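Novice: please find the sequence and the predicted model below.
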Amino acid sequence: MSSVAVLTPESFAEHRSGLKDQELMGCVPEDEAYIPTYLEAFPPLPEKSAADLKAGEPTGAWGTKIKPIKVFHVPLEERRYRDNGQFGEGEEAKVCLDIMQRTGAHIELSLAKDQGLSIMVTGKLDSVMKARKEIASATVAIPKEHHRFIIGKNGEKLQELELKTATKIAIPRPDDPSTNIRITGTKEGIEKARHEVLLISAEQDKRAVERVSLEKAFHPFIAGAHNRLVQELSQETGARISIPPPSLHKDEIVITGEKEAVAMALGRIRAIYDDKKRKTTTISVEVKKSQHKYIVGPKGTTLQEILETTGVSVEMPPLDSLSETIILRGEPDRLGPALTQVYAKAKSVMVHIEFTDGEERISLEGPTEEVEQAQSLIQEIIKDLLVRMDYTEVIIEQRFHRHLIGKNGTNINRIKEQYKVSVRIPQDSEHSGLVRIEGDPKGVQMARRELLDMVQRMENERTKDLIVEQKYHRTVIGQKGEKIKEVRDKFPEVIINFPDPAHKSDVVQLRGPKNEVEKCAKFLQKVIVELIENSFSLSIREETNTKIDLPTENSHSEMIVITGRRNHCEAARERILAIQRDLANIKEMEVAIPAKLHNSLIGSKGCLVRAVMEECGGVHIHFPSEGSGSDKVTIRGPAAELERARRQLLKLQVNNFTAELQAKPEYHRFLIGKGGANIRRVRDRTGARIIFPAADDREQECITIVGREEAVKLAQKELEALVKNLVLRELAEEYGGVAVSFPRTGAHSQRVSLKGAKDCVEGAKRRIQDIVEELESQVSVEVCVLQRYHRAVMGPKGCRIQQLTKEHQVQVKFPERDDSNTGPEPQAPLENGEASPDGEYVPRKCDIITISGRAEKCELARAALLALVPVTEDVTVSYGLHRFIIGQKGSGIRRMMEEYEVNIWVPQPDQQWDVVRVTGQVTNVERAKLGLLERVGELQAEQEDRALRSFKVSLSVEPKFHPKIIGRKGAVISQIRRDHDVSIQFPDKGDDQQDVIVISGYERNVEEARGAVQRLVAELQEMVDIRFPAPGCDEPDRVVVTGLPEAVDNAIDHLLNLEEEYMLSVTETETMAAYMKPPAEDFPTFGASVAPKQTSAWGPKKF
């Protein structure tokens, strides 16, 4: 594994000691290297003049900051997860995602032609270094008692070890029985850390430790091929031998174990070393760097094979070195066979095949015959692939790529598996939209079709731009993206894109489903307004470099104190006064308009009130919420526009007749005219207001006309004439410039003249006849549906009625809403969408829905419309089951309503009815009834099961046996509960019946559990319980024995026998100790008093 780092100026000094000695044009031996200073390696650039520097930019010689990058190359044989064939899936992707979340670095994986893995880590320097440590990991088993020595006092030893090896060492917690220590980091760091940890463990082992320094070149002879020699040596001597790995340039070998074993192993190792040092010699050969990997083999197996067969060690240069010199070390008579094997392994792959990225070319290198043979084989494979396989390339915009891939590659992997194809989507860095699909011809076409369908669906998504000053972007994003992450979590389907700071753009783009985008936009606008209000003062401070002190919240002072340089203070003062003037110009006005007229003034989807706000620029009109009963409409905006907006609203209130005109969206710009000339002319002549649909309206063909009734009809007639002229122009263009002349207005002629080429005239004639036939077949059908059902018939945002008009090719017009309370609504005029058989019903105007179109299609649309009218069905459900159907916090009933698209009404608890009412479309109601009855069946089955499980039995057991039945930490009673699937309850402290144990569950299980408890009690009764006194008690010699009389007597006899045997053993031990150490003889002391002699336990002395 190798790494390449781009160092920033700040990190150069930190990493200088770890840099490999390199010159600008190649590598030199380590002992000859010269490490330049920072200024020598990175000379400063010429300084810019003050005029060239922009405010706020760094003025260092380095200019922009270099982004740290780490690149790791992992060969195939060193990859832990090799069987990951899915795009974006597998352990590699999961591990990288986990590392990115923990470190904040960005990790990219790429697969080379030889299946090796390249890992590129980018980000901040500390994040890159953290990620570098976690790229690789390994575990080492260390005895639990040695862990504290690895950690050290206050964790100092562990920190020092992590810093020294550039790894992260995770030691299991004390309560964790695991002995495995996990090491994460680079390959070299892991090997170093593992070696150091093993050394610490060996040093703390209560055995001898011997360290011996032997030249690194002779370590392979000591270890033997595949480490067999050192393993045999460890087994023979019983010592543990730790040899540094090849990547760790360390000569020290550590031997631990019993002293005799260590000495024996050390002698054997020194004998091997002395023998090899005396007998071996070396030769150097040059082999192409590209062939080194064939000599090394997977995980170095080829080198071990050469060592095993010839006894020669092969020393390879490091992978990141440019050297091609290989050193062979061994006995002279064996160097020849070893050299032959080295050349054979180097040339074992005779033909080197290289696939060239971005070119349709494959390079083959090797002997002529082998290259020709390989070329023919590759050509045969290509011919076979061309016959069996197919491919196609689709241009798909790069912005859709991440959606095609899906989260963790779910979408693209599903397509691959379903159609048995390979799909290559270019990386973002390629800036390409070319998607390539390869595989079975049929599967390729089906995968292509599905990808294009997905793209088409995504193209229908809504994109909305929010204007947010760039200086607030970082505030909205928050530190480390915390604030914007909250917004994205709240609206996961919406993609929020902030512009690159270098582009100086104020546009924040939202993309996703229309509803979610609108909600997200409102939420973001609210957040942004709050942030701007909170940071406006800070912004002025930063821009003017002043200190601004605002009066406290409870203060009555109106004084704002600005501190700083005079010119800065003046600039800040002007900014604050400008804000004051803007706020002072904003006024608010209330207009009284009857609540029943609010909906008609707002118009369909707010088109009328939106038109007023646009015309009176900068004005916001707020209507009270529906059902509030308030008549107050609030207008807020610049004072000059308030009165104008008020007059427009009052005018709409008086002239509130509305008509709609259908015209193709492509006609709208011609109807409006250049600069709005055509539509302004119609407005001036008729006095009516004409509103065209907005870009995001679903009804793009509907033009709304509002005003007095006669003005609206006149405007409608003029617009229809304009549309007719547009149709004639379109007809003329379609049929080669045919001139169509209609009779003049007022003439009673029905003749239409066509002039032009014969074929074109015939075509235009047929087209006009088709139009006339269609217009003559137009009828209008009235359908009576109660006004309260209109919203349900329309569906969310009119989706149901739009589907109906599209499917049956008709026009559906709903009446104006009547919010007046002048008369009561007729009682039950319709029953589930059909006329009531009892009594006569005179429909109201607000209940009539008009359907226009061909007669046969109108009838079909009428039936479909009535099918959309909600029906209500009662389902008999026992009152006791209502709470289970509702579920916790209404989750159960809410799930059913969403699943079946109905409304489910459950009576109040105090009513205690056995009825649940379902309202919705006929088909949905039927499905909901079946689902509800199925749920009732499940609940009833659960009730029956609960009844069967409620069987209880009381068992009387002496309280002294309860702890034994429970067992340590409840182990015994838990096992009985699991074995018999029952619940066993013991009496609580203070209960009257302390001996009663209650067992509940299925009757058969309860009986079996009772038998098990009774058998356990019987066993306990036959046993004796021996309790020794606690330390410090009043009667330390008293032992309590309980149980059956005969068993108690036997236990006491056994205890007394044990006591007697123990006392005899103690007496014998003391006597033997006294015998082995007799007292020394006493000698007289001259010139001092003689102490009286003590009688010895051995009797009088004999001379």
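Specialist: Structure's in. What do you need? Numbering: from 1, shown residues only.
Novice: alpha carbons only for contacts and neighbour counts from here, please
Specialist: Will do.
Novice: just the helices in the stretch 651-800 of the chain please.
Specialist: Taking DSSP state H, counting those that start in this stretch, the helices of the stretch 651-800 of the chain run over residues 665-672, 677-686, 709-734, 758-776, 790-794, 799-808.
Novice: nearest to V953 among the ones you listed would be which one?
Specialist: Using C-alpha to C-alpha as the measure, helix 790-794 is the one of those that comes nearest V953, at 56.5 Å.
Novice: by contact count, what packs against that closest one?
Specialist: helix 799-808, helix 855-868 (3 or more C-alpha pairs under 8 Å, 6 or more residues apart in numbering; DSSP states H and E).
Novice: direction included, what does the helix or strand that the shortest one is followed by pair up with?
Specialist: In other words, helix 799-808. Following the chain from helix 799-808 toward its C-terminal end, the next helix or strand by DSSP states H and E is strand 811-813. Strand 811-813 has the following strand partners under DSSP bridges: strand 848-854 (antiparallel).
Novice: where are the low-confidence patches of the stretch 301-450 of the chain?
Specialist: Counting by pLDDT under 70, the ranges of the stretch 301-450 of the chain that qualify are 348-350, 356-359.
Novice: run a quick neighbour tally on the nearest residue to D988 once chain neighbours are set aside.
Specialist: Among residues not flanking D988 along the chain, Q994 sits closest, at 7.6 Å (C-alpha to C-alpha, 6 or more residues apart in numbering). Neighbour count of Q994, defined by other C-alpha atoms under 10 Å: 16.
Novice: ramachandran coordinates for E588?
Specialist: Per-residue torsions, E588: phi -140, psi 140 (degrees, to the nearest 10).
Novice: do you know how far the closest residue to it other than its chain neighbours is from A263?
Specialist: Ranked by C-alpha to C-alpha, 6+ apart and with sequence neighbours excluded, the top spatial neighbour of E588 is R636, at 4.3 Å. Relative to A263, R636 is positioned 96 Å away (C-alpha to C-alpha, to the nearest Å).
Novice: and if you look at E308?
Specialist: As defined by C-alpha to C-alpha, E308 lies at a distance of 27 Å from A263.
Novice: got it, and Q750?
Specialist: When distances are taken as C-alpha to C-alpha, Q750 and A263 turn out to be 125 Å apart.
Novice: which residues sit against stretch 120-139?
Specialist: The list of residues contacting stretch 120-139 from outside it, by C-alpha atoms under 8 Å, 6 or more residues apart in numbering, reads 67-72, 96, 99-100, 103-109, 166-168, 180-187, 190.
Novice: which of those residues fall in strands?
Specialist: Assignment to strands by DSSP state E places the following of the contacts of stretch 120-139 there: 69-72, 106-109, 167-168, 180-185.
Novice: just the buried residues of the residues you listed.
Specialist: The neighbour-count criterion (16 or more other C-alpha atoms under 10 Å) marks 69-72, 106-107, 109, 167-168, 180-185 among the ones in strands among the contacts of stretch 120-139 as buried.
Novice: now, which of those sits nearest F623?
Specialist: Using C-alpha to C-alpha, H106 is the member of these that sits closest to F623, with 49.1 Å.
Novice: excluding residues flanking it in the chain, which one is nearest that closest one?
Specialist: For H106, the nearest residue in space outside its immediate sequence neighbours is T122; the separation is 5.2 Å by C-alpha to C-alpha, 6+ apart.
Novice: may I have the beta-bridge partners of that neighbour?
Specialist: According to DSSP bridges, I69, H106 are recorded as the beta-bridge partners of T122.
Novice: next, count neighbours for it.
Specialist: Summarising burial for T122: neighbours were counted as other C-alpha under 10 Å, giving 22.
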